Each structure stands twice: as structure tokens, then as C-alpha cells.
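In: Sequence below, structure please.
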Amino acid sequence: MNLNRREFIRLMGLAGAAGLLPGSGLRAGEDGSALYDMPAFGNARILHFTDCHAQLNPIYFREPSVNIGMGGAYGKAPHLVGNHLLERFSIPRGGIEEHAYTFLNFTEAAGLYGKVGGFAHLATLVKKLRTEYAQGHSLLLDGGDTWQGSGTALWTRGRDMVDACNLLGVDVMTGHWEFTYQDAEVLANAAAFNGEFVSQNCKVREAAMFDYELGDIGDFNEDSGHVFKPYTIREMGDLRIAVVGQSFPYTPIANPQRFIPDWTFGINEDDMQDIVNQARDEEKPDGLILLSHNGMDVDLKMASRVSGIDAIFGGHTHDGVPGAISVSNPGGKTLVTNAGSNGKFLGVMDMDYKGGRLRDFRYRLLPIFSNLLEPDADMTAQIQGSRKPYLPQLQEKLSVAENLLYRRGNFNGSFDQIICDALRVEGDAQISLSPGFRWGTTVLPGQTITMEHVLDQTCITYPETYVREMSGEDLKLILEDVADNLFNKDPYYQQGGDMVRLGGLDYSIEPDAAAGARIADMQLDDGTRIEASKSYKVAGWATVGSQSAGAPIWEVVADYLRRSDSASIRKLNTPKLKNVSGNPGIG
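Out: Prediction:
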């Protein structure tokens, strides 16, 4: 079904009136306004998006069917999928909200409800929510992973996203994949950004301190070593709100250190408490919030240990959590939220402050349905202008998808499998490895796969491929290391992302086992067992250490897809899960 916006709204209104769309949020009116109806409450409105990964136009995006939580995270947000998530947040089954927050009936629902996201549609919603609130009493926060994730972002070195965010009116941002450009490019983009870039945990390495002077980089503070401001004070009418920034703590480990050789990060919990205390003691704000790229599990732990934060607006792990989680700590309570990814959601929190205390709040995670929001004309023109020089490359038709192609989930997604199969075939390898990135758009069955879709999955500044020999022992060590990162019961030892994707290799995994003992039963596709001492030909990409010499991954995948009129998946190399029966993180 391919409807224009007017036809779509009419259909939804008729179906809602007939009671055919339970929980759709559309039964209050044909224009779909009920979905975006948020009566003003309190005296401060915080709007928050995160991890848009440079997606300027509407897309399809499937939520995970596997998001396993272990230890204290078992059965709790964000480790709930499908019906478990709907039950936890009292979301009716069926209809547009189920489609927004879960993977359930994805292909059919996507065909009905259409695409999500798009900065022109987001701009319309932001303007509506700001206009309906008291003038000057709203802030728009960007949680980072904004300048990376598309071909145009790579080719403009993130500047197309800076320009779009300026037009959108972003007030404050922090970062992660922003730091995978060269340090000079990061600073140039931050300078071109009309808002403020804040990060309490991005500092100049002590050994490099003498190489910088005040004003050389960002908002460099020669006393504290901060590259950017650790926090900012924003005037919101008669309120003063402190916004502290927390960039991704493991940036130099998860991404190449060579791009930002003089900068260091870390969770820095003690520093966070010091910054919160400093901001509250010296500035005497009415409230203090944290704009974080920790990942939700890390935010939940930090909220239990750091006092003085009213609310955390989090990102990194791409968790679309429909409610705010209240966490107790020695100083009171902190609200923790996470606003999904790919421009699909806008988090909205109305906060009621009085006497320097948060008395009450209202929170909603609003899905951005392009069929329900008229695109903003100025943003549409901006996007079209920034993309125009690159359209011939972006619109190249490569193949047609036979299957639903998606990425998000703890283990191999179907688009991940396409990448892994391409690596094996083009590299003539037995096994392929692909990072467990959580960004990447979804392609529906029967949809043409374009070069833009491939770039959405692969566009990074270290895309080089490799083919090399690896021992069975080394392969197991890689799998064990990533599994411990994903399933470690202490959130501070998690780095985000999902399990490494594989081609040509099967295995079993026991997420609740001890470190080093989770992976077993490794074998090739033909059933041949992997031997620790034997060597195997392995293809991969995105090495964090030394730069590889192979072609960029998007060229490898594109060449593979061009070989056939249709792209199909013969086998999904998904592991056998052990001792996870009944886990609500499995759909």
C-alpha cells in the first residue's frame, strides 16, 4: 500500500472511528493530532532526540526482537521487547503505537503506516511543541551520533548535519561518533554549531596539555583540561537550568584513537559528581539535567550513585523506551530516559520546578511518522540542497530485497548477513566478521536496495576491509570479548553495540555464563568444527587499530549486490542461545 499523506490520514481516521486500530492514538481526530497531543504542564519543556545517525529523510526502522538483559537488568527496561515492552508501559496491542515501539508485525505495519523520522517532519513537531508551550521555556537537546551514518554526512564531514541542526534550533548537544572525524574537523563543526557542545568527560591528555593554549581548541580550559564546556546554564524564562554533558566514555577504545590522539574520555563518575556539585553550588540553578551518551544501562547505574541530577536524557544504545525510569540515589531520585535512534522519536519531558526542586513531570516518547506530520518547508529546502550534489551516487539501484533487511538486535540481523556474505564472497574467505553496530536503516521486501541503503549501514571514516588468517583460538577470543562487553552484569564494563556479526560460522552462546566461558560449539556452515590451533581465512572491516588496506566496505557490498537482480539470504548465522528461556528480552 503506497498512500499519499492526505489518503493516509483519511484512512486512519476512518479505521480509528470504526474501532479497527486499537491503541492507534488516532481515534480523537482524522488528522492524527491525538498522537502528538501533549497539553502543557509545569514550567520547563525539554525536547530530546539522539542517535539520528545523519538520517535527514524518512526511513523504515525495525526495533529489536532480541535485547537480552542479565543480572539486575533482567526483565527491566530497556531489555524488554515485543509484548513484554507493551505490557510494561501499558501500550495497547495493535495499531500505530505497537508498530512504533516494537518489531511485531513489522513488514505489514510498515506498509500501512509508512516511514518514520525525517528532519523536515521532526522540525514541524518541534515547532508545534515549542509554540504550544510558554515562550522561552523550552530546550531542544541532541544526544549525539548526529554527524555520522549517511553518505552525505561522510562526504561533507558532518557539516550537512550541523547545518540541519542549526535550522532545527538545537540548543545543546554532546557526542560520540562525532569524534570519528579528525580532531580539527570536530572542532570546526562544533564552532559552526549555533548551540553549545558540552562534555564533562572529554579532556586533553595530561601529556599533551602543554601543546595547547586557551582558545586553541573548543572551549579548552587549561586548569581542568576540558576540551568543551562541562556544562552550560540556560535561561528559560524565569528559570535557570544547568545542562551537563557526558560523551561516550569508551570512544578511544570502541573507535580509532588516531583521529583524536590528544583527547581522553571515561565514565568519570567522581568527576560527574564534582561537576554537578560545582554547577549547583556556584550557579544556584533551579534545576540540573544530564545530556548523556553513556548508554541506558550505564545511565541507570550512574543515576543510582550520583546525586543532584533531576533527569538524564540518554543515548548511545538506541533504546526507544516509552517512559521515564525513576532511580533512587543518596540525594533523592533521578529520572532516566532514552529516545531511540535514526530520527524516529522525539522525547518530551514537561518539568514543574519550584524553589530549586523538581516537583513533578510528564514524559512521552513521540514517534515521528512522516505520514502524520507535514514537512517543514525550510528544512525540506535545506535537505534537498545539501543532498543534490550527491543524488547520482545515492540513487544508484543495486538489487531488490527478497527479505526484510534490518540490523538492530543482539545478534545477526538480515542486512548484517548481506554484509557478511558480501565479505566472504568478494574476499574468497571461509568466515567473515562485521561489527555489531546498532545504526542502519531497514529495507522492506520487494524494495529496491540503493547505494544509499548500503551507505546507511556502512558509512564510517575507517571503512577499509581486510582478508587475513586467524586461528580458531583467536576467533573464540574475539567472540568472548564482545560477549563480555554486551552481557557483563556491571553496566560500567559495557561499551554498547551488539554481538559481532558473522558469516560462515555458527556457535552457541550462554549470556549468563562467566567471562571467557560463554562461547561454544563453533563450526563452519558445513558442520566442520573450529579447531583452536587451525588457521582460517577471515574477511572483515572497521579495524579500530592500524588501518587496513582493503577497499571500503560499501564498495565490497555494492559489488556483491550488483551481481544479481535480487538479494536473498540463504542462511542467517544466528547463534544457539543457552539458558535464556523466558527472558523478556527475547521476542
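In: Let me know how buried residue 278 is, in neighbour terms.
Out: 16 (other C-beta atoms under 10 Å). Heads up, the C-betas are built off the backbone N, CA and C, glycines and all.
In: Look at it and give its secondary structure.
Out: Assigned by DSSP: H, G, I helix; E, B strand; the rest coil, the conformation of residue 278 is helix.
In: What distance do you get for it to residue 229?
Out: Counting by C-beta to C-beta, to the nearest Å, the gap from residue 278 to residue 229 is 12 Å.
In: Next: residue 405.
Out: Per C-beta to C-beta, residue 405 is found 41 Å from residue 229.
In: Residue 468 too?
Out: Separation of residue 468 from residue 229 (C-beta to C-beta): 43 Å.
In: and those two? which has more neighbours close in?
Out: A side-by-side neighbour count of residue 468 and residue 229, using other C-beta under 10 Å, places residue 229 first with 20 against 14.
In: pretty sure the more buried one contacts residue 245?
Out: Yes - using C-beta atoms under 8 Å, residue 229 is in contact with residue 245, at 7.5 Å.
In: Leaving out the residues flanking it, which one is nearest to residue 504?
Out: Excluding its sequence neighbours, the residue lying closest to residue 504 (C-beta to C-beta, 6 or more residues apart in numbering) is residue 431, at 4.6 Å.
In: What about the one you found, how many residues nearby?
Out: By the criterion of other C-beta under 10 Å, residue 431 has 24 neighbours.
In: before we move on, what about residue 570?
Out: Counted with other C-beta under 10 Å, the neighbours of residue 570 add up to 7.
In: can you tell me which residues contact it?
Out: Shown in contact with residue 570 (C-beta atoms under 8 Å, 6 or more residues apart in numbering): residue 421.
In: so residue 297 makes contact with residue 316?
Out: No - applying C-beta under 8 Å, one finds residue 297 not in contact with residue 316, separated by 9.8 Å.
In: neighbour-wise, which of those two wins?
Out: More neighbours surround residue 316 than the other of residue 297 and residue 316, with 31 against 28 (other C-beta under 10 Å).
In: State the phi and psi torsions of that one.
Out: Torsion angles at residue 316 (phi, psi; degrees, to the nearest 10) stand at phi 90, psi -50.
In: how deep is the residue lying closest to it once chain neighbours are set aside tucked in, by neighbour count?
Out: In this structure, residue 316 finds its nearest non-sequential neighbour in residue 295, 4.2 Å apart by C-beta to C-beta, 6+ apart. Residues lying near residue 295 (other C-beta under 10 Å) number 26.
In: Mind pulling the model confidence for residue 295?
Out: pLDDT, residue 295: 97.
In: mean confidence for the host helix or strand of residue 416?
Out: Secondary structure from DSSP states H and E places residue 416 in helix 414-427. Average pLDDT, helix 414-427: 98.
In: Mind listing residues that contact it?
Out: With C-beta under 8 Å, 6+ apart as the test, helix 414-427 has contacts from 403-407, 412, 429-434, 440, 442-443, 457-458, 465, 467, 501-504, 537, 539-541, 550, 553, 556-557, 559-561, 567, 569-573.
In: Write the ChimeraX selection for whichever of those residues are buried.
Out: Burial among the contacts of helix 414-427 is assessed by 16 or more other C-beta atoms under 10 Å; the matching ChimeraX selection reads:
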select :403,404,405,406,407,412,429,430,431,432,433,434,440,442,443,457,458,465,467,501,502,503,504,537,539,540,541,550,553,556,557,560,561,567,569,573
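In: okay but residue 361 is in contact with residue 350, surely?
Out: Yes - if you go by C-beta under 8 Å, residue 361 and residue 350 touch, sitting 6.4 Å apart.
In: Comparing the two, which residue is more hemmed in?
Out: Neighbours per residue (other C-beta under 10 Å) separate residue 361 from residue 350, with residue 350 holding more: 22 against 19.
In: Please tell me how far the more buried one sits from residue 333.
Out: 17 Å.
In: Residue 190 now?
Out: Distance of residue 190 to residue 333, given as C-beta to C-beta: 33 Å.
In: Which one's more surrounded, these two?
Out: Comparing residue 190 with residue 333 by other C-beta under 10 Å, the one with more neighbours is residue 190, at 21 against 15.
In: Output the below-cut-off pLDDT ranges for this structure.
Out: Along the chain, segments meeting pLDDT under 70 span 1-33, 212-219.
In: okay, now the domains of it?
Out: Domain ranges of the chain: 1-37, 39-59+115-384, 395-577, per automatic domain parsing.
In: just those: most buried one?
Out: Between those, domain 39-59+115-384 has the highest mean count of neighbours, a mean of 21, where neighbours are mean count of other C-beta atoms under 10 Å.
In: picking that back up, what about the contacts of helix 414-427, which are in strands?
Out: Mapping the contacts of helix 414-427 onto strands (DSSP state E) picks out 431-434, 465, 467, 501-503, 537, 539-541, 567.
In: I'd assumed residue 363 was in contact with residue 337.
Out: Yes - Residue 337 is in contact with residue 363 according to C-beta under 8 Å; the separation is 6.5 Å.
In: what is in contact with those two at once?
Out: Both residue 337 and residue 363 are contacted by 324, 347, 349, under the criterion C-beta under 8 Å, 6+ apart.
In: you'd agree residue 161 is in a strand?
Out: No - secondary structure assignment places residue 161 outside any strand; it is helix (three-state DSSP).
In: Pull up the gap between it and residue 376, please.
Out: According to C-beta to C-beta, residue 161 and residue 376 sit 16 Å apart.
In: and what of residue 548?
Out: Note on residue 548: its distance to residue 376, by C-beta to C-beta, is 41 Å.
In: ok, now residue 476?
Out: 51 Å.
In: got it, and residue 544?
Out: Look at residue 544 and residue 376: by C-beta to C-beta, they are 38 Å apart.
In: got the end-to-end distance for stretch 521-529?
Out: 7 Å (C-alpha to C-alpha, to the nearest Å).
In: Which residues are in contact with each of residue 229 and residue 245?
Out: Residues touching both residue 229 and residue 245 by C-beta under 8 Å, 6+ apart: 197-199.
In: got TSV for those, with distance to residue 205 too?
Out: Shown next, in TSV, are the shared contacts of residue 229 and residue 245 (distance: C-beta to C-beta, whole Å):
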residue	distance to residue 205
197	19
198	20
199	15
